[in-house]
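A.B. asks: would you be able to build a 3D model of this:
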Amino acid sequence: MMKRLPLFLLLLLTVPIYAQDNNKKKPTSLRDVLLAELKSTHNSEEWFVPANVAVKGLTAEQASWSDGKGNHSVGQLAYHLVFWNRQSLARLKGETPEKFSGNNEETFDKFDAKAWNDLVTQLDQVLTDLENWVQSADEEKLKQSAQTLTHISTHNAYHIGEMIYVRKEQGSWDPKMGVK
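C.D. replies: Residues are numbered from 1 along each chain as shown. Next up, the predicted model:
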């Protein structure tokens, strides 16, 4: 987590950057709402920058950059998101998640710059897999899992905001990609 970034600044990074399309079909069911939330933090450029845009065009060197103040790099944040989204997806599917020591710092510190391109692919895949799970889950399972899914979306949005902040500090963020 960012240690020096005030929450209100982080929230400002995630404010609406694209005007809502009033002609766009509004979600009308629980499934539609949950899918819309997941897609907004994955690849749907609507209210704020999604994950796929947040990592777009970064080199492994840029993904490894840290401000030297104890804050995480974009690569560490992406690794953290992949880890926790996989954990959540496994639980949603009724599977046993990957073993975890309970030390959340490990979910940041295992980032390996040599695997950056693969990590970007994994991030896209796990977010797609979550959407696919929501698409295929029965109504009762959706109702039981709705709060977990909204927490996943909120968690993703929080860390995506951090990614944009890090990229802005680094000078690798192009304002044309969403946030000035």
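
A.B. asks: buried set for the longest helix that the chain contains?
C.D. replies: Ranked by residue count under DSSP state H, the longest helix found in the chain is helix 139-170. Within helix 139-170, the residues that qualify as buried are 142, 145-146, 149, 152-153, 155-167, 170, counting by 16 or more other C-beta atoms under 10 Å. (Glycine included, C-beta is placed from N, CA and C.)

A.B. asks: gap between the residue nearest the centre of the chain and residue 132?
C.D. replies: Central residue of the chain (C-alpha atoms, centre = their mean): residue 156, 3.3 Å from the mean position. According to C-beta to C-beta, to the nearest Å, residue 156 and residue 132 sit 16 Å apart.

A.B. asks: after the helix or strand bottoming out on mean pLDDT in the chain, which helix or strand is next?
C.D. replies: When each helix and strand of the chain is scored by mean pLDDT, DSSP states H and E, helix 7-13 comes last, with a mean of 45. Downstream of helix 7-13, the first helix or strand assigned by DSSP states H and E is helix 30-40.

A.B. asks: just checking, what packs against the following helix or strand past that next one?
C.D. replies: Past helix 30-40, further along toward the C-terminus, the next helix or strand under DSSP H and E is helix 51-54. Other helices and strands packing on helix 51-54, by 3 or more C-beta pairs under 8 Å, 6 or more residues apart in numbering; DSSP states H and E, are helix 74-92, helix 116-136, helix 139-170.

A.B. asks: could those helices go into JSON lines alongside distance to residue 26?
C.D. replies: Shown next, in JSON lines, are the helices and strands packed on helix 51-54 (distance: least, C-beta to C-beta, whole Å):
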{"stretch": "helix 74-92", "distance to residue 26": "25"}
{"stretch": "helix 116-136", "distance to residue 26": "17"}
{"stretch": "helix 139-170", "distance to residue 26": "17"}
